[in-house]
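Novice: Structure of the sequence below:
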Amino acid sequence: TLEACLKPYAAKPDLQTCIELPGESGFQSELHLSRPGPGCPATQFAWLAPAGLYHGKLELEDGGAGEAAPGNEQALVTEHTLVPFSPEVPPPLSMALTEHHFILLYEDRVALVSRISEAEVGCVALPGDESPPLGLVVDPESEVVFLFTEDSLLEVSLQDEQVGIWRLYLLKGDHANALQHCPTDVEKDRVLAHQADEAYARGKLRQAATLYGKVRTAPPSFESIALKLSDHPSALRLFLQTRLVATPSNMPAQITMLATWLTELLLDHANQAALVAGETSGEYSDARKELHTFLKSHAAKLDPGTTLQLLGSYGCTEEIVLFAEVVGDIVTVLQHLLVQGDHDQALRVLTRPGVPAEVWYEYAAPLMAAAPESTVDTLIVCARHLDPVKLVSALLRPEDSGADGRRHTIRYLEHCVRVLGSRDETVHYLLLSLLVEHGDEDLLMRYLAGPGMGTEGLPVFDPNFALRQCYQRGLKRACAYLYGLLGMHEDAVRAALKIDVELAKSFAEKAEEEEDRKKLWLLVAEHVIMGDKEGSQSGIRRAISFLEETGGLLKIEDVLPFFPDFVFIDDFREAICQSLEEYNGQIDTLKKEMEEATQGAKVLRMDIAALADRRVAVAEDEPCARCGVPVFGAGGKLRAGERDSSGAAAVFVFPCGHAFHGRCCLKEYLCLYAESSPSRRAIEALQEEALRQQPAPRRGSVSPEEEAHASGDESGLEAQQQTPAVQLDTALGEQCPYCGERVV
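Specialist: The predicted structure is shown next:
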C-alpha cells in the first residue's frame with residue numbers, strides 16, 4: 001500500500017529524497033509502465049513531463065515497490081534519462097509506450113521516437129477532416145495503441161518495429177541486447193565481431209578469443225584472427241577450441257584440421273612448460289592434464305594416423321597409449337607395452353571384450369617367449385574364441401620359450417583337446433610331438449589312451465608316426481601301447497615283456513582269434529618260466545598259477561618245453577593229473593556228440609525215404625484255381641511229358657490243395673512282382689528260352705526223362721534237369737502263388 005511505501009520515510013527523515021523535474025503547473029503529465037508479460041512487474045517507465053520525456057528502467061522485486069530499499073532511488077530507477085522537448089515546438093499532448101519506441105501525439109501529427117537512440121525516427125500527419133486529438137491510450141490485453149478525439153477512435157499500428165533495433169543497441173554498446181534482437185546469424189556474427197574487437201582493444205585477449213571463435217560468417221576471417229592471436233598461445237588455443245565446438249558436424253575436414261592444430265598447440269604448450277618450469281612443476285602437470293582431457297574428449301575428431309605421428313614426434317609415449325586406447329587401436333597399445341616389457345598389462349588388454357582374434361595370433365609369439373605361464377593362463381581364459389591351429393606358429397618357438405615354454409604349451413594344447421574337445425589333426429600332432437619330446441611317459445600315456453582316441457574308438461593321430469617318434473625316444477610303454485593299437489599284438493607283447501609282465505598279459509588277451517591269443521600267452525609263459533633261473537618248487541607253482549590265469553587256454557603240456565631238463569615230473573603231478581582228467585571229460589563229451597549226430601542222420605534218412613513216396617491225389621475234374629477250367633482238360637487225361645503252351649509244365653499241384661494250369665500259374669507268379677523286378681525278368685527269360693528249346697511232339701507217351709531213366713543214361717538225365725524248361729518248372733513250383741511265403 002501507499003502507507004507501507006511511505007512509512008520508512010516518516011521514520012527516517014534522512015531517507016526523504018526525491019527526483020524533481022522543472023516545469024509549469026497545470027501541464028498534463030502522464031506516467032506509463034511497461035511489463036514483459038501479464039502478471040510480471042514493470043521493468044520500463046516513461047514520464048511525460050513539461051521539461052521533456054523522462055524514462056528509464058525499474059528494478060522492482062516480486063513483492064512490489066514497497067520492499068525496495070527506501071531512499072535509494074538508484075536501486076529503484078536505473079539508467080534513467082531525460083529527453084528534452086524543443087522550445088520552438090509545442091509540447092506533445094499525450095504519449096504511448098511500446099517495446100522499443102515512444103509514440104508522441106501532437107496537435108497535427110503523431111511522432112515516433114526510439115527508446116534506444118532517443119531520436120525521432122518517424123512522423124505521420126493527422127488528417128485535416130478529423131476533430132482535434134485528445135490523447136493516446138493502450139489496450140492492456142492486446143497492447144494496441146489508439147488515438148481518440150471527441151467523435152472518433154483511430155488505431156495507431158507499428159509495422160516491423162524490430163527492424164534495425166540490433167544496430168541501435170550495437171551503436172549504443174549494448175551487445176547483449178544487440179545479440180538478442182539480431183534476426184539472423186549474419187547480424188549476430190557482426191555483433192560478436194564488434195564485441196571481440198572491443199575486447200581485444202582493451203587487452204582482454206581470452207574474452208576476445210572466445211568471441212572470435214563464435215564468429216563464422218562475418219569478417220574478420222579465420223586466418224586474420226589466427227594471425228592476430230598468434231603471439232598469444234593461450235588465447236589462440238581458446239579461439240580454436242571455441243571455433244571447434246561451433247563448427248557444424250557436416251564439415252568433417254575443417255573439424256579434423258582444427259582438432260589437429262589444437263593437438264599440436266597443446267603439445268607445444270606442455271613442451272614449453274617442461275623447458276621453462278621443469279617436468280616436476282605444476283604448470284607442466286596442468287598442461288599435460290589439459291592435453292589428456294582434449295585427447296579423450298575429441299578423439300573421434302582426430303585422424304588416428306596423423307595424431308599418433310604427431311604425438312610420436314614429441315616423444316609423448318604415455319599420450320600415444322592414451323589416445324590409442326581411446327580410439328580402440330589395440331595394436332599400438334600392445335606394441336608400446338611390449339617395448340616397455342609390461343607383458344601382464346598387454347595380456348590384460350587382450351582379454352578386453354571385442355579384441356579381434358587376429359590380434360592374438362599376431363602377438364602370441366612374443367608373449368609366449370617372454371611370459372609363457374601368464375600367456376597360457378590368458379589363452380585358456382580366451383580359448384573358446386581362438387583357433388588353436390592359428391596359434392601353432394606362436395607355440396612352436398622352443399628357441400625363445402625354452403623347456404618351460406614347451407611345458408606351458410603342452411598345458412594349453414591339453415586344455416584344447418580335453419576341455420574344448422578339439423579334433424583337429426594339427427593340434428593333436430603338435431601335442432603328441434611335444435609330449436614325446438618332453439619325455440614324461442605317464443603324461444604321454446594319459447593322452448594316448450584318453451583324448452588321443454576319437455569318439456568312434458579310432459585314434460585322432462597317426463599311430464605309425466607316433467610309434468616312430470616313441471621308438472626314437474626309447475619310450476617303451478608307449479611303444480607297446482601303439483603296437484597294440486596297430487593290431488601288432490605279438491610286437492606289443494614282446495615290447496611289454498621288457499617292462500611289465502602284467503602289461504604283456506593285457507596285450508595277449510586283446511587278440512581276437514583263439515589261436516592268436518594262445519600264441520601270445522605262450523610268449524608270456526616262456527618269459528615267465530624262463531625267467532625263473534632256479535627251477536625250484538616255488539617257480540613251478542608260479543607256472544601252474546600262470547596257467548590258471550590263461551582261463552584254460554594253455555595246458556601243462558604247452559608249457560613243459562619251457563622248463564629245464566632236470567625238473568622232476570613229480571613236481572607236475574597235480575597239473576598233469578588235472579590235465580588228463582580234462583582230456584577224459586572232453587573225450588566223453590565228443591562221444592556223446594557223435595552218438596547224437598548218428599541218431600540225427602538216421603532220422604534224416606527216414607525222412608528222405610518218406611518224401612520219395614509222397615503223392616498228391618487230384619480229382620479228375622479238379623478246376624484251375626485261377627480260371628476254373630479243369631486242369632486235366634475235357635477228357636480228364638494228361639499225357640506224360642506234356643507241356644503248356646506258355647513253356648511251363650501242363651499242370652501244377654501244390655500241397656495246400658491249389659491246382660493250376662501251367663500258363664495260369666505263370667501269370668499268377670508274374671503278378672507277384674513289379675515289371676522292373678529282377679525275379680520277374682529272370683522268369684520271363686526262362687520262359688522265352690524254354691519256348692525256343694521246346695522239342696517237337698513225340699509219338700507215344702514216354703517223356704524224355706523216362707527215356708533217360710530207361711536207357712540208364714545218367715548224363716542225359718542230368719543235362720535234361722538243367723534245361724530252361726526244368727528250371728522254369730522248379731521256380732514256379734517252389735511255392736503256391738496264393739498261399740506261399742511271397743504272398744504273405
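Novice: What count of nearby residues applies to the closest residue to V276 other than its chain neighbours?
Specialist: Nearest non-adjacent residue to V276, counting by Cβ to Cβ, 6 or more residues apart in numbering: E283, 7.7 Å away. No exception for glycine: its C-beta is placed from N, CA and C like everyone else's. Per other Cβ atoms under 10 Å, the neighbour tally for E283 reads 15.
Novice: Also L93?
Specialist: With other Cβ under 10 Å as criterion, L93 counts 17.
Novice: I'd like to know how far it sits from T351.
Specialist: 88 Å (Cβ to Cβ, to the nearest Å).
Novice: one step back: do you know the pLDDT at the residue nearest to V276?
Specialist: Listed pLDDT for E283 reads 89.
Novice: now do H709
Specialist: So, for H709, pLDDT stands at 46.
Novice: Likewise for the one 4 residues further on?
Specialist: Confidence per residue is given as pLDDT, and for D713 that number is 49.
Novice: Same question for the one 10 residues further on.
Specialist: Looking at T723, its pLDDT stands at 81.
Novice: Would you check that it makes contact with A690?
Specialist: Yes - between T723 and A690 there is a contact at 7.5 Å, judged by Cβ atoms under 8 Å.
Novice: Settle it for me: which of these two has more neighbours?
Specialist: Neighbours were counted for T723 and for A690 using other Cβ under 10 Å; A690 has more, 20 against 17.
Novice: ok, that one - contacts?
Specialist: G647, A648, T723, P724, A725, L728 (Cβ atoms under 8 Å, 6 or more residues apart in numbering).
Novice: again, but for Y212
Specialist: By Cβ under 8 Å, 6+ apart, the contact list for Y212 reads L192, A193, A196, P220, I225, L229, F239, T242, R243.
Novice: Other residues contacting the host helix or strand of I410?
Specialist: Secondary structure from DSSP states H and E places I410 in helix 398-418. By Cβ under 8 Å, 6+ apart, the residues outside helix 398-418 that reach it are 365, 368-369, 372-373, 375-376, 379-380, 383, 388, 395, 397, 422, 427-428, 430-431, 434-435, 437-438, 443, 447, 450-452.
Novice: sorry, back to before: now flag whichever of the contacts of A690 is closest to V121.
Specialist: Relative to V121, the closest of the contacts of A690 is L728; by Cβ to Cβ it sits at 132.6 Å.
Novice: what's the nearest residue to that closest one if we skip its chain neighbours?
Specialist: Excluding its sequence neighbours, the residue lying closest to L728 (Cβ to Cβ, 6+ apart) is L686, at 4.3 Å.
Novice: what stretches of the stretch 551-700 of the chain score poorly on pLDDT?
Specialist: 551-583, 611-614, 634-641, 695-700 (pLDDT under 70).
Novice: Which residue ranges of it form strands?
Specialist: Using DSSP state E, counting those that start in this stretch, the strands found in the stretch 551-700 of the chain span residues 651-653, 659-661.
Novice: Distance to Q345 for these - can I get that in TSV?
Specialist: Shown next, in TSV, are these (distance: least, Cβ to Cβ, whole Å):
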stretch	distance to Q345
strand 651-653	97
strand 659-661	97
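Novice: Quick one: closest of those strands to H32.
Specialist: strand 659-661 (135.0 Å).
Novice: Strand partners (parallel or antiparallel) of that closest one?
Specialist: Using DSSP bridges, strand 659-661 pairs in its sheet with strand 651-653 (antiparallel).
Novice: Buried ones in the partner strand, by neighbour count?
Specialist: Buried positions in strand 651-653, judged by neighbour count with 16 or more other Cβ atoms under 10 Å: V651, F652, V653.
Novice: from these, which is closest to Q28?
Specialist: Q28 has its nearest neighbour among the buried residues of strand 651-653 in F652, at 149.2 Å by Cβ to Cβ.
Novice: if I look at the closest one, how far off is P356?
Specialist: To P356, F652 is 82 Å away according to Cβ to Cβ.
Novice: and what of C664?
Specialist: For C664, the distance to P356 - Cβ to Cβ - is 82 Å.
Novice: now do A504
Specialist: Relative to P356, A504 is positioned 53 Å away (Cβ to Cβ).
Novice: For the two, work out which one has more neighbours and name it.
Specialist: Set side by side, A504 and P356 show more neighbours around A504, with 24 against 11, by other Cβ under 10 Å.
Novice: residues contacting the closest residue to the more buried one other than its chain neighbours?
Specialist: In space, and not counting its chain neighbours, A504 is closest to A496: 3.8 Å by Cβ to Cβ, 6+ apart. A496 makes contact with R477, A480, L503, A504, S506, F507, according to Cβ under 8 Å, 6+ apart.
Novice: burial of the residue lying closest to F239 once chain neighbours are set aside, as a residue count?
Specialist: Distances taken as Cβ to Cβ, 6+ apart put A209 closest to F239, at 3.9 Å, once the chain neighbours are dropped. Neighbours of A209 under the rule other Cβ under 10 Å: 26.
Novice: Helix, strand, or coil at A209?
Specialist: Following DSSP: H, G, I helix; E, B strand; the rest coil, we place A209 in the helix state.
Novice: For it, give its distance to H175.
Specialist: From A209 to H175 the distance is 16 Å (Cβ to Cβ).
Novice: E441 too?
Specialist: Distance, E441 to H175, using Cβ to Cβ: 91 Å.
Novice: Could you do L229 as well?
Specialist: With Cβ to Cβ as the criterion, L229 and H175 are 20 Å apart.
Novice: can you give me the helices for the stretch 451-600 of the chain?
Specialist: Assigned by DSSP state H, counting those that start in this stretch, the stretch 451-600 of the chain shows helices spanning 463-473, 476-485, 489-497, 501-508, 514-530, 537-549, 556-559, 573-612.
Novice: okay, and for the stretch 301-450 of the chain, where does confidence drop off?
Specialist: 397-402.
Novice: Could you rerun that using 90?
Specialist: The stretch 301-450 of the chain contains residues with pLDDT under 90 at 303-305, 307-309, 311-450.
Novice: Now do the helices in it.
Specialist: Under DSSP H, counting those that start in this stretch, the stretch 301-450 of the chain gives helices at 304-313, 317-327, 330-340, 343-350, 357-370, 372-381, 392-395, 398-418, 425-438, 441-449.
Novice: Need those in TSV (columns: mean neighbour count and distance to P630).
Specialist: Listed next are those as TSV, based on neighbours: other Cβ atoms under 10 Å; distance: least, Cβ to Cβ, whole Å:
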stretch	mean neighbour count	distance to P630
helix 304-313	16	107
helix 317-327	19	106
helix 330-340	17	101
helix 343-350	18	98
helix 357-370	18	90
helix 372-381	19	92
helix 392-395	19	89
helix 398-418	17	82
helix 425-438	19	78
helix 441-449	17	79
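Novice: For R473, find the nearest of those.
Specialist: Taking the helices of the stretch 301-450 of the chain one by one with Cβ to Cβ, helix 425-438 is closest: 5.5 Å.
Novice: quick one: secondary structure of V110?
Specialist: From three-state DSSP, the assignment for V110 is strand.
Novice: Just put the helices of the stretch 301-450 of the chain in a markdown table and tack on distance to A42.
Specialist: Formatted as a markdown table, the helices of the stretch 301-450 of the chain follow (distance: least, Cβ to Cβ, whole Å):
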| stretch | distance to A42 |
| --- | --- |
| helix 304-313 | 57 |
| helix 317-327 | 54 |
| helix 330-340 | 65 |
| helix 343-350 | 66 |
| helix 357-370 | 70 |
| helix 372-381 | 73 |
| helix 392-395 | 82 |
| helix 398-418 | 83 |
| helix 425-438 | 88 |
| helix 441-449 | 96 |
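Novice: Give me the neighbour count for the residue nearest to L728.
Specialist: 22.
Novice: Ok, W521 next?
Specialist: W521 - counted by other Cβ under 10 Å - has 25 other residues nearby.
Novice: what's the distance between it and Q345?
Specialist: 63 Å.
Novice: likewise Y106?
Specialist: Counting by Cβ to Cβ - Y106 and Q345 are separated by 87 Å.
Novice: for R35, same thing?
Specialist: Remark: distance between R35 and Q345 (Cβ to Cβ) = 66 Å.
Novice: looking at the helices of the stretch 301-450 of the chain, which is closest to G213?
Specialist: It's helix 304-313; of the helices of the stretch 301-450 of the chain, that one is closest to G213 (Cβ to Cβ) at 21.7 Å.
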